[in-house]
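Trainee: below are the sequence and a predicted model; questions follow.
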Amino acid sequence: MGLLKIDKSKCKQDGLCAKDCMTAIIRIPEGGGFPYIPDNMESMCRVCGHCVAVCPHGALSHELVPLEKSPAIKDELKINQDQAVQFLRTRRSIRFYHDKGVEKEKIQKLIETARYAPTASNSQLVEWIVISDKSKIHTLAAKTTEWLRQLLKDDPAIAKASPYLYQVIAAWDGGYDPILRKAPTVLVASAPKEALGGATDVVLALSYLELLAPVMELGTCWAGLLNGALTALPSLKEYIGLPKKHPHHFPLMIGYPKAKYYRLPERKQPRITYI
């Protein structure tokens with residue numbers, strides 16, 4: 001197949017691509033020469049693109065990760081340490097939203113950016129469901145509440161560990177949605193059972209997405225109660241079209257936040273053990 005394409009006028013034969021190859025399949029001829037992948041090793045390629053990214057000369061392209069689709073990193077867009085720390089600390093869980101729909105173009109941009117999150121073995125198997133129908137979102141919240149009601153009835157001991165669940169049900173009965181907070185959109189990221197790190201892949205993709213959201217004037221909140229219901233109720237998974245063979249999933253609320261924040265709340269000091 002010839003996965004690697006080398007511009008011999010630019011290649012310095014420095015071997016950086018071979019040294020950085022995660023599966024060590026890129027070879028440099030004995031005595032020096034241009035990099036290549038033996039034919040019998042091409043199937044081992046993880047299509048990670050490291051070989052394209054690590055070449056400072058722009059000399060290497062990959063059949064599945066083309067150089068022309070791998071833009072150069074711009075120094076002027078890099079952020080310093082203080083900016084990065086503040087950016088991460090400003091992330092908030094948003095539970096109150098304006099009654100305004102999220103534009104499809106913004107959802108598309110968020111998901112397209114989230115695809116750059118790492119996945120186990122670079123499998124890239126995360127899929128997405130976008131729910132913007134208000135009646136469906138209300139139904140999801142209602143079915144989750146009924147699941148919680150039955151759960152507490154069948155096993156009251158659960159309330160000892162999570163006493164707030166009674167408050168959740170009481171709030172719903174009082175006309176307030178504590179499940180999905182009347183968010184205008186709910187995103188569900190999922191991965192099939194063959195994804196070796198499926199649960200982690202989903203969480204990482206959602207984390208990338210929720211960090212970008214505030215830059216687009218949007219807020220997010222992880223919908224843990226709905227995820228519990230999706231895990232317990234196959235009928236609920238079917239209701240939103242979540243594939244049966246996708247055991248890894250998590251929903252996220254998203255919308256335009258009503259609140260604006262001006263401070264960076266403190267958190268507990270980390271417990272660290274150096275060995």
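Mentor: Happy to help now that I have it. Being a predicted model, the structure only gives us computed values, none of them experimental. Numbers count the residues shown, from 1 in each chain.

Trainee: need the residue closest to the centroid of this protein.
Mentor: The residue lying closest to the centre of the chain (CA atoms, centre = their mean) is A205, at 0.9 Å.

Trainee: so that one touches S190, yeah?
Mentor: No. Applying CB atoms under 8 Å as the test, A205 and S190 come out as separate, 9.8 Å apart. Backbone N, C-alpha and C define where each C-beta goes, glycine included.

Trainee: overlap of the contact sets of the two?
Mentor: Common neighbours of A205 and S190, using CB atoms under 8 Å, 6 or more residues apart in numbering, are V126.

Trainee: how about the strands in this protein?
Mentor: Secondary structure of the chain (DSSP state E): strands located at 4-6, 60-62, 127-131, 185-191, 219-222, 248-255.

Trainee: in JSON lines, list these along with distance to R91, mean pLDDT and mean neighbour count.
Mentor: Formatted as JSON lines, the strands of the chain follow (distance: least, CB to CB, whole Å; pLDDT from 0 to 100; neighbours: other CB atoms under 10 Å):
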{"stretch": "strand 4-6", "distance to R91": "39", "mean pLDDT": "96", "mean neighbour count": "16"}
{"stretch": "strand 60-62", "distance to R91": "34", "mean pLDDT": "97", "mean neighbour count": "21"}
{"stretch": "strand 127-131", "distance to R91": "20", "mean pLDDT": "98", "mean neighbour count": "17"}
{"stretch": "strand 185-191", "distance to R91": "16", "mean pLDDT": "98", "mean neighbour count": "25"}
{"stretch": "strand 219-222", "distance to R91": "9", "mean pLDDT": "98", "mean neighbour count": "22"}
{"stretch": "strand 248-255", "distance to R91": "13", "mean pLDDT": "98", "mean neighbour count": "24"}
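
Trainee: just to revisit the earlier point, so how far is C17 from the residue nearest to the centre of the chain?
Mentor: Distance, A205 to C17, using CB to CB, to the nearest Å: 27 Å.

Trainee: quick one, what contacts the residue nearest to the centre of the chain?
Mentor: Residues near A205 by CB under 8 Å, 6+ apart: A114, R115, A117, T119, V126, A189.

Trainee: so what's the residue count around the fifth one?
Mentor: When you say that, I think you mean V126. Applying other CB atoms under 10 Å, we find 24 residues neighbouring V126.

Trainee: right, and it touches L187 too?
Mentor: No. Contact criterion CB under 8 Å: V126 and L187 do not qualify, at 11.3 Å.

Trainee: beta partners for S61?
Mentor: As for beta bridges, S61 partners with K5 under DSSP bridges.

Trainee: how about the contacts made by the nearest residue to E127 once chain neighbours are set aside?
Mentor: Counting by CB to CB, 6 or more residues apart in numbering, E127 lies nearest to S190, which is 5.5 Å off, once chain neighbours are set aside. Residues near S190 by CB under 8 Å, 6+ apart: V126, E127, W128, I129, V202, L242, P243, H246, H248, H249, F250.

Trainee: and the second one, how far from L16?
Mentor: If I follow you right, that is E127. 34 Å.

Trainee: could you do the fifth one as well?
Mentor: In this structure, V202 lies at 33 Å from L16, with CB to CB as the measure.

Trainee: swap in the fourth one?
Mentor: When distances are taken as CB to CB, I129 and L16 turn out to be 40 Å apart.

Trainee: for this structure, name the helix or strand with the lowest mean pLDDT.
Mentor: helix 157-161 (a mean of 85; mean pLDDT, DSSP states H and E).

Trainee: residues in contact with that one?
Mentor: If you take CB under 8 Å, 6+ apart as the criterion, helix 157-161 is touched by L151, L152, L165, Y166.

Trainee: and that helix, C-alpha only, in PDB?
Mentor: Extracted C-alpha coordinates of helix 157-161, given in PDB (Å, rounded to 0.1, in the frame of the first residue of the first chain):
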ATOM      1  CA  ALA A 157     -31.000   1.300  51.500                       C
ATOM      2  CA  ILE A 158     -30.000   3.300  48.500                       C
ATOM      3  CA  ALA A 159     -31.400   6.500  50.000                       C
ATOM      4  CA  LYS A 160     -29.000   6.100  53.000                       C
ATOM      5  CA  ALA A 161     -26.100   6.500  50.600                       C
END
